[in-house]
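In: pasted the sequence and its predicted model underneath.
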Amino acid sequence: MANPAFTTLMDSLNAQIQALNKTGFKLYDEDNRECFINKVKYDGDDDKLICEFEEENYRVSK
């Protein structure tokens, strides 16, 4: 069974990340500046928090 306090903290962190992304204040990867953080998840096997990144979609105007 998941720890409710930890689950609440993860949900809160991911909600903040989504709010930042939605308003254009994305947190980019230092080594790959075309990718920004999309989500944080917990890997129970390694007991680590893992960042999931998404590649920026640039639109080219014609």
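Out: Looks like it came in fine.
In: center of this structure - which residue?
Out: The centroid of the chain falls nearest to residue 39 when counting by C-alpha atoms, centre = their mean (2.5 Å).
In: what about that one, distance to residue 49?
Out: 11 Å (C-beta to C-beta, to the nearest Å). Quick note: C-beta positions are derived from backbone N, CA and C, even for glycine.
In: ok, residue 24 next?
Out: From residue 24 to residue 49 the distance is 24 Å (C-beta to C-beta).
In: tell me which of the two has more neighbours.
Out: Between residue 24 and residue 49, residue 49 has the larger neighbour count (other C-beta atoms under 10 Å), namely 11 against 6.
In: thought that one was touching residue 37?
Out: No. Taking C-beta atoms under 8 Å as the definition, residue 49 is not a contact partner of residue 37, at 11.4 Å.
In: which residue ranges of this structure form strands?
Out: Counting by DSSP state E, the chain has strands at residues 35-43, 48-55.
In: buried deepest among those, which one?
Out: Among the strands of the chain, strand 35-43 has the highest mean neighbour count (mean count of other C-beta atoms under 10 Å), at a mean of 15.
In: tell me which other helices or strands that one touches.
Out: Secondary structure elements in contact with strand 35-43, counted by 3 or more C-beta pairs under 8 Å, 6 or more residues apart in numbering; DSSP states H and E, are helix 4-22, strand 48-55.
In: which residues does the closest residue to residue 13 other than its chain neighbours contact?
Out: In space, and not counting its chain neighbours, residue 13 is closest to residue 40: 5.5 Å by C-beta to C-beta, 6 or more residues apart in numbering. Neighbour list for residue 40: 10, 13-14, 17, 49-52 [criterion: C-beta atoms under 8 Å, 6 or more residues apart in numbering].
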